[in-house]
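Colleague: how would this look folded up:
(3 chains)
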Amino acid sequence: MRLLFALFLLAAPAWAVQPDERLADPALEARARALSKELRCVVCHNESIDDSNATLARDIRIVLRERLAAGDSDGQAKAFLVARYGDFVLLRPPVRADTYLLWFGPFALLALGGAVAFAAQRRRTPAAPAPLTPEEQARLAALLREEPK
Amino acid sequence: MFIELGHFALALALCLALVQSIVPLAGAARRLSGWMAVGRSAALGQFAMVALSFAALTHAYVTSDFSVSNVVENSHSAKPMLYKISGVWGNHEGSMLLWVLILSLCGAAVASFGGNLPRELRARVLAVQGMVATGFLLFILATSNPFTRVIPAPADGHGLNPVLQDPGLAFHPPFLYLGYVGSSVAFAFAVAALIEGRVDAAWARWVRPWALVSWCALTVGIALGSWWAYYTLGWGGWWFWDPVENASLLPWLSGTALIHSAIVVERRDTMKSWTILLALLTFGLALVGTFLVRSGVLSSVHAFAVDPARGVFILGLLIIAIGGSFTLYAWRAPALQGGGLFAPISREGALVLNNLLLATATGTVLLGTLYPLFMDAFGLKISVGPPFYNRTFLPLMTPLLVAMAVGPLLAWKRGDLTAALQRLWVAFGFALLVVLVGLYLSGFHAVLAILGLGLAAWIAAGVLAEWGERIRLFRAPLRDSWRRAAGLPRAAYGMSLAHFGMAVLVAGVSASAFEQERIEALRPGDHIDIAGYTLTLREVRRVPGPNYVADEAVIEVKRGGTVIDEMHPQRRTFTVQRQTTALTAIRTGLSADLYLALGEGDAQVGWIVRAWHKPIVSWIWLGALVMALGGVVSLTDRRWRVGVAARKPAALPAAAE
Amino acid sequence: MRRIAFLAPLVLFLGLAGWFAAALFSGRDPRELPSALIDKPAPEFDLPSLAVGDLADGRLSSASLRGQVTVVNFFASWCAPCRVEHPVLLRMARQEKIRVIGIAYKDRPEDSRRFLAELGDPFLTTGIDRDGRTGIDFGLYGVPETYVIDKLGRIRKRIVGPVTPALLDRELLPLLRALERS
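Modeller: Take a look at the predicted model:
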């Protein structure tokens, strides 16, 4: 296990895009890589522009890098593409009123399931026996006294 | 001639399926043993007919009979024999025929080995299977007939999509379909139990092996598909959260929940209506997946040809099968009485947690898959991609994986969490060590990936701790432990293996954060340095193939100054389809894969070579195989062998009437 | 209460099935992609023109889109569906007298010229988008792609893929006539 770690961690940063696309500034290039993993190659199916070989994906990778080099924030660079291609270009859908169900649905489902499981558990566990009334206690004591005989 | 025979056999199979769905059901209701016995012969006959029909189509493919339009569209005389055969199911019509073949095989298996089942139950199960088969046989004959002729026959075929000409993909569909269709047996048992109004341990003992067979096949099928994507698509991705992948993951998730909850029914005679629901749901999700993939409602890379008529038909089947069984469920399930009591902290409690998280994960994947479709109805286009699942699916899986090490150490009915955790302190220490060493070596980068590795270590060590506990390792004399180890039921080993496989898989997935990539344009003589390897491009040569021509790079792999290998990534151009595919070259190892793909280029500007060093990536598929192996080992447990599953008088009969 | 919980799977499923049916019968193509720029001003561009001396100084700019209803067609000589579509564009320009502007997307000018010389030139003028930037500004997926721009310079419709004769008659012409009248 330790040997494996040693192997991983010799890693220098590396880029998946074509050689001529890369930015000279490693920090900017790293941002571009991270962003392009969240952007859909619109002509592909469920592929990010980072993974895609499509020409349009390559063009958009280059445009994205230009925007970042020109000083755009990540949000601005994304907004630039959303203005042209719509929310479709985002692999991570925005959190909005119409996507609340998508984003919070899983956790609502978990809460609901938890409640159902809890209710089922409650139903399964019989109610704790009621405490004995004074008369019952007296009878119990009497019975216990009789026991040794 | 053979083709017409195949067509005729398929029609005959439909008639037999109809008989199988009606006569035994009526027989079971009226307790007519002769009528019930019809189910058995009808199921066997149906299998024989479908097998004959499948053989006829295969024969047409093997002999390249281009008077059959299905063969013309999907085969070519120059294709290697393996792909001529796999071409049978490499298209919509043929894959449906394979689907029905497996379905009727399952029916025949229940008919042959179900001798020890109560007659009524067997008759009802076979009837339900007959209904499912009727639906699919009608579907093939009405909308997807593979036996149509073309006159005049063309000289040669169009060939199979080059992307599909691959050994991994040749065997991917049969496993996947066995997984989907296998879940129809659990479905049939669930429906039969609802009709009878009776679920007991013996029922669970019958359902669980079938659920396990289907689960194992689905695990292997998904792993093969993912492995195929890894080595074909050319950048080493192995899971994309594509709708078609999700369609296979959904029944896997609910099937995983099912094989766990069925244990509770078998051992403790409780969680019955939930288990029934899971059995219905698992097959339902397999059907929904089929609908999504084949109707063109969702667009996806892998989707078969879009045809609305087929979509309407499958939707009809879906409504009858799922709608019908859920109606039966709403009507009959409330009468199923839960049996055994248990405390929240107990084996049952842990399995409830497992089911809760798996069911939620199933819901999440379903939501993510369907949501774009849902938004589309309002004219809005969104994409739901990996970042969504990373933020929802992974947080749900994490507690499940953490609990996986603890659950098996809890006793039935009432467990002692503190005692269980005390037994896991070595595992915890090991996991902590992995995390600390990882953090130290990485300089506190990729923290989540290192926590993932820690989680894998936790599960793996937890599995060993649980096994050590069972055989009283280091507490009893070694001889005694050995005897106990040999005496442990196969099912216990199966569980340990499957859980261990999960740990291996989690490690492989987590380590992907440590992969390295180099993409360079190389001229002959140039090299790339990656992870201690030096890759030198020697030459790029033209290589002819049976139905393609390829550019093949010769890349010398050096490590520490010595040549250790030569790798040959190719770019293949298929002459019939004029399509190019990349054939990657992978040096697979337990510690890491070296992955090379050849891009475009020429001798002047250089060839684009993409190289990846992917630590323990093969553990992903290895882990999946170990999981499936765990399932197989569990299947050999003696209590499921034929003859043992005879229904004992039910301890707590849950009669509805 | 307990019975209702057992009805929940059925109710959920029926909802889902109804919605599947609606999606299936709507005839909507899941791959059809509405433009993000509908009813928004067409992007600014200033491209060299294929034939020198067409509009202003051998250039084609977004300014020329204002004031008249215009159809903008992205094409390329290397694109097979563009050849299929071409007769429809010719009919649009010559018989229906619609102002059609071409943008040659990622194409060599000499190839575009040969393409238009061979098949006929329906375009009032043709801009050269060598690097595909104007295409990206339009939110272009590929060629051919066609945009309808109204008198105020706003994008009113986008058609991905070739314009078929049926599409021209049923959708485009009515829209164009309505826009011209307004």
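
Colleague: what stretches of the chain score poorly on pLDDT?
Modeller: With no chain named, the answer covers chain A. Within chain A, the stretches falling below the threshold (pLDDT under 70) are A:1-18, A:124-131, A:146-149.

Colleague: Can you look at chain B instead?
Modeller: Counting by pLDDT under 70, chain B contains low-confidence residues at B:163-164, B:295-308, B:338, B:577-578, B:640-657.

Colleague: Pull up the residues of it that are close to chain C.
Modeller: Counting by Cβ under 8 Å from any Cβ of the partner chain, chain B comes close to chain C at B:273, B:277, B:280-281, B:284, B:291, B:295-299, B:308, B:311-312, B:315, B:318-319, B:322-323, B:326-327, B:329-330, B:333-334, B:370, B:373-374, B:376-377, B:379, B:381. Quick note: C-beta positions are derived from backbone N, CA and C, even for glycine.

Colleague: now do 6 Å
Modeller: Applying Cβ under 6 Å from any Cβ of the partner chain, one finds that chain B approaches chain C through B:Val297, B:Ser299, B:Gly311, B:Leu315, B:Ile319, B:Ile322, B:Phe326, B:Thr327, B:Ala330, B:Ala333, B:Pro334.

Colleague: from memory the fifth one sits against C:Leu16, does it?
Modeller: No. Contact criterion Cβ atoms under 6 Å: B:Ile319 and C:Leu16 do not qualify, at 10.2 Å.

Colleague: B:Ala592 contacts B:Pro615, doesn't it?
Modeller: Yes. Taking Cβ under 6 Å as the definition, B:Ala592 is a contact partner of B:Pro615 at 4.6 Å.

Colleague: so how far is B:Leu57 from the residue nearest to B:Ser69 when sequence neighbours are not counted?
Modeller: Nearest residue to B:Ser69 in three dimensions, chain neighbours excluded: B:Val150, at 4.5 Å (Cβ to Cβ, 6 or more residues apart in numbering or on different chains). Note on B:Val150: its distance to B:Leu57, by Cβ to Cβ, to the nearest Å, is 15 Å.

Colleague: just C:Asp121 next, same as before
Modeller: Between C:Asp121 and B:Leu57 the distance is 52 Å, computed by Cβ to Cβ.

Colleague: More neighbours: which of these two?
Modeller: The neighbour comparison of C:Asp121 against B:Leu57 (other Cβ atoms under 10 Å in any protein chain shown) goes to B:Leu57, with 27 against 21.

Colleague: and the more buried one, what does it touch?
Modeller: By Cβ atoms under 6 Å, 6 or more residues apart in numbering or on different chains, B:Leu57 lies in contact with B:Gly6, B:Val88, B:Pro146.

Colleague: and what of B:Met131?
Modeller: Residues in contact with B:Met131 (Cβ under 6 Å, 6+ apart) are B:Ser21.

Colleague: and the helix or strand hosting it, which residues are buried?
Modeller: Taking DSSP states H and E as the definition, B:Met131 sits inside helix B:119-143. Within helix B:119-143, the residues that count as buried by 16 or more other Cβ atoms under 10 Å in any protein chain shown are B:119-140, B:143.

Colleague: Nearest to B:Trp607 among the contacts of B:Leu57?
Modeller: Within the contacts of B:Leu57, proximity to B:Trp607 (Cβ to Cβ) peaks at B:Val88, which comes in at 37.0 Å.

Colleague: residue ranges for the helices of the chain, please.
Modeller: Just going to use chain A. Using DSSP state H, the helices of chain A run over residues A:2-9, A:26-36, A:55-69, A:74-85, A:100-124, A:134-146.

Colleague: Chain C was what I was after
Modeller: Chain-ordered helices for chain C, with DSSP H as the definition, fall at C:2-25, C:80-94, C:109-119, C:133-138, C:165-167, C:173-181.

Colleague: can you tell me if the first one touches chain B.
Modeller: Yes. Using Cβ under 6 Å from any Cβ, helix C:2-25 reaches chain B at C:Arg3, C:Phe6, C:Leu7, C:Pro9, C:Leu10, C:Phe13, C:Ala17, C:Phe20, C:Ala23, C:Leu24.

Colleague: Find the nearest non-adjacent residue to the fifth one, please.
Modeller: It stands for C:Leu10. Excluding its sequence neighbours, the residue lying closest to C:Leu10 (Cβ to Cβ, 6+ apart) is B:Phe326, at 3.9 Å.

Colleague: Same question for the last one.
Modeller: In space, and not counting its chain neighbours, C:Leu24 is closest to B:Gly311: 5.1 Å by Cβ to Cβ, 6+ apart.

Colleague: which stretch of helix or strand covers that neighbour?
Modeller: Secondary structure from DSSP H and E places B:Gly311 in helix B:308-318.

Colleague: next structured bit after the helix or strand harbouring B:Ile22?
Modeller: When elements are assigned from DSSP H and E, B:Ile22 belongs to helix B:2-30. The helix or strand immediately downstream of helix B:2-30 is helix B:33-62, counting by DSSP H and E.

Colleague: and that following helix, how far from the chain's centre?
Modeller: Taking the mean C-alpha point of helix B:33-62 and that of its whole chain, the gap between them comes to 25 Å (Cα atoms, centre = their mean, to the nearest Å).

Colleague: center of the chain, which residue is that?
Modeller: Just going to use chain A. Of all residues in chain A, the one closest to the mean position by Cα atoms, centre = their mean is A:Trp103, 9.1 Å from it.

Colleague: that's the other chain; I wanted chain C
Modeller: The structure's chain C has its C-alpha centroid closest to C:Thr146; by Cα atoms, centre = their mean the separation is 2.0 Å.
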